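Student: sequence and predicted model, in that order:
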Amino acid sequence: MTRRELRHRAEALQTPAAAEDAPLVLMVCTGNICRSPMAEVLLRARLADIPLRVQSAGTRGLIDKPMTPDAQQLAIAHGAAGDHAAAHRARWLTEPVANGADLIIAMAREHRTSAVELAPSKLRQTFTLRELARLTDGLSDEQIREAADAAGADPRARLAALAGLAARQRGTIAPLPLEDDDVIDPYRRSIETYERSTAQLAPAIDVVARVLRTALG
């Protein structure tokens, strides 16, 4: 199968509710074969009925490589669709890719920095996954809807309002050690490390899925 066919296959499996003009959430890690594709397929599974596109890329993406077997297995065990996990092919994070996203969710601080360097205008729409979960976990559905409703009916505007609401929480929540905002990189490490990484990633995805559903659903 050619590179174009692989990419087409992965895009064809995008959530049916997600039209081409739907808002785009972009997950970012290093190689785009472990953490960010797991985050992508888990969020897609949790928001399958929401008009939202979810994709991923790597700052040093191993172009056209699939998810690692351990990442696939754990993603499926945590609710991802098997065909989505199998169809994934890694790609490089580029300036157009970053600028095309409405919300950028990085797996670690280094990836957040790389994304913002490529797309400075996305500063207030870029978080690490665990940071975004921490900032929004205490928000009520009412707070989220109020912020989204103030932005109107356009899904992109509503997502931007949610990102702004999350960013404003940065000065109101007690700081944690910086490494607590990162998801452990399991690449070429033991299955136990993969499990630790997933234990950090999956609960954060659940929090993010709730706030996105509340804002966009």
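Tutor: Arrived safely.

Student: what about stretch 28-37, distance to the chain center?
Tutor: Relative to its chain's centre, stretch 28-37 lies at 10 Å (CA atoms, centre = their mean, to the nearest Å).

Student: I meant to write stretch 204-217 there.
Tutor: 11 Å.

Student: identify the residues contacting G100.
Tutor: L24, L26 (CB atoms under 8 Å, 6 or more residues apart in numbering). In this view, the C-beta of every residue, glycine as well, is placed from N, C-alpha and C.

Student: cool, G79 as well?
Tutor: L42, A45, R46.

Student: secondary structure element for the residue nearest to the spatial centre of the chain?
Tutor: Ranked by distance to the mean C-alpha position of the chain (CA atoms, centre = their mean), the top residue is M27 at 3.5 Å. If you go by DSSP states H and E, M27 is part of strand 24-29.

Student: so what touches that strand?
Tutor: Contact partners of strand 24-29, identified using CB under 8 Å, 6+ apart, comprise 35-37, 39-40, 43, 52-59, 93, 97-98, 100-108, 111-112, 114-115, 129, 159, 183, 185, 212.

Student: please apply the same query to stretch 184-194.
Tutor: 29-31, 33-35, 68, 70-71, 74, 107-108, 196-197, 200.

Student: just those residues: which are in helices?
Tutor: R35, D70, A71, L74, R196, S197, Q200 (DSSP state H).

Student: buried ones among those residues?
Tutor: R35, D70, A71, L74, S197, Q200 (16 or more other CB atoms under 10 Å).

Student: so how far is L62 from the first one?
Tutor: Relative to L62, R35 is positioned 13 Å away (criterion: CB to CB, to the nearest Å).

Student: for the fifth one, same thing?
Tutor: Distance, S197 to L62, using CB to CB: 17 Å.

Student: related to what we said a few turns ago, specify the beta-bridge partners of the residue nearest to the centre of the chain.
Tutor: S56, I105 (DSSP bridges).

Student: please name the residues that touch A209.
Tutor: L43, R46, L47.

Student: if we go to 10 Å?
Tutor: L42, L43, R44, A45, R46, L47, I50, A133 (CB atoms under 10 Å, 6 or more residues apart in numbering).

Student: same check, this time on D137
Tutor: Q169, I173, P203, A204, D206, V207, V208, R210, V211.

Student: closest to H84 out of the contacts of G79?
Tutor: Using CB to CB, A45 is the member of those that lies nearest H84, at 7.3 Å.

Student: which strand or helix spans the nearest residue to D149 once chain neighbours are set aside?
Tutor: Closest residue to D149 apart from its sequence neighbours, by CB to CB, 6 or more residues apart in numbering: R158 at 8.0 Å. Assigned by DSSP H and E, R158 falls within helix 155-168.

Student: residues of that helix that come out buried?
Tutor: P155, R158, L159, A160, A161, L162, A163, L165, A166, A167.

Student: tell me, what's the model's pLDDT at the first one?
Tutor: By that I understand P155. Listed pLDDT for P155 reads 97.

Student: again with the last one
Tutor: pLDDT for A167: 95.

Student: give me the distance between it and I191.
Tutor: Taking CB to CB, one finds A167 at 36 Å from I191.
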